[in-house]
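Student: Take a look and give me a structure for this.
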Amino acid sequence: MKKQILILGAVLIGSLAFLSMTVIKTDVQDTWEVPSKYQKMKNPYATVADSDNIGRIMYSKHCKSCHGTKGKGDGNKAANLDTPVGDFTDGSLKDQTDGSLYYKSFIGRDDMPSFQKKITDEEDQWQLINYLRKLSE
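Tutor: Below you'll find the predicted structure:
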């Protein structure tokens with residue numbers, strides 16, 4: 001009986017130690033609060049044709065590694081991030097204003113870096129937002 005209690009205790013302690021070392025990763029993320037100043041921002045290039053493919057070029061250079069070629073959140077760096085990577089094809093962009101997308105793209109948070117210093121040209125910034133809209137269609 002004493003031997004069984006010792007074995008049971010060892011198994012229990014081992015199980016607890018194992019459970020304490022595991023990390024549970026979920027796809028749940030806090031709601032991304034966008035200040036109203038940004039929610040109300042208007043895209044001055046919303047109707048400007050991107051004949052030079054600026055948006056696609058900016059996306060390929062700065063976003064594709066995490067968000068993937070088609071914007072599905074499956075880029076080669078996505079699996080190494082602590083926070084879920086946005087999927088632009090899931091319809092979630094349709095309900096967001098251009099200003100909200102601007103805030104999320106250029107201010108960033110957590111694993112999503114700020115691109116304010118990397119993409120400084122205003123037209124490049126807004127054409128990137130326009131390209132994200134195309135990916136969500």
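Student: Quick check, pLDDT for Leu8.
Tutor: If you check Leu8, the pLDDT there is 62.
Student: Mean confidence (pLDDT) on stretch 120-135, please.
Tutor: Averaged across stretch 120-135, pLDDT comes to 96.
Student: Would you mind listing the buried residues in that stretch?
Tutor: Judged by neighbour count (16 or more other Cβ atoms under 10 Å), stretch 120-135 contains these buried residues: Asp124, Gln125, Trp126, Gln127, Leu128, Ile129, Asn130, Tyr131, Leu132, Arg133, Leu135. From N, CA and C alone the C-beta is placed, and that goes for glycine too.
Student: Same check on stretch 107-115?
Tutor: Met112, Phe115.
Student: would you put the C-alpha positions of that stretch in CSV?
Tutor: The C-alpha coordinates for stretch 107-115 follow below in CSV (Å, rounded to 0.1, in the frame of the first residue of the first chain):
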residue,chain,number,x,y,z
ILE,A,107,0.9,52.5,-35.3
GLY,A,108,0.9,48.8,-34.6
ARG,A,109,0.9,46.9,-31.3
ASP,A,110,2.4,43.7,-29.8
ASP,A,111,3.9,41.7,-32.7
MET,A,112,2.5,44.1,-35.3
PRO,A,113,5.3,46.7,-35.7
SER,A,114,4.8,50.3,-36.4
PHE,A,115,5.5,51.2,-40.0
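Student: Noted, bye for now.
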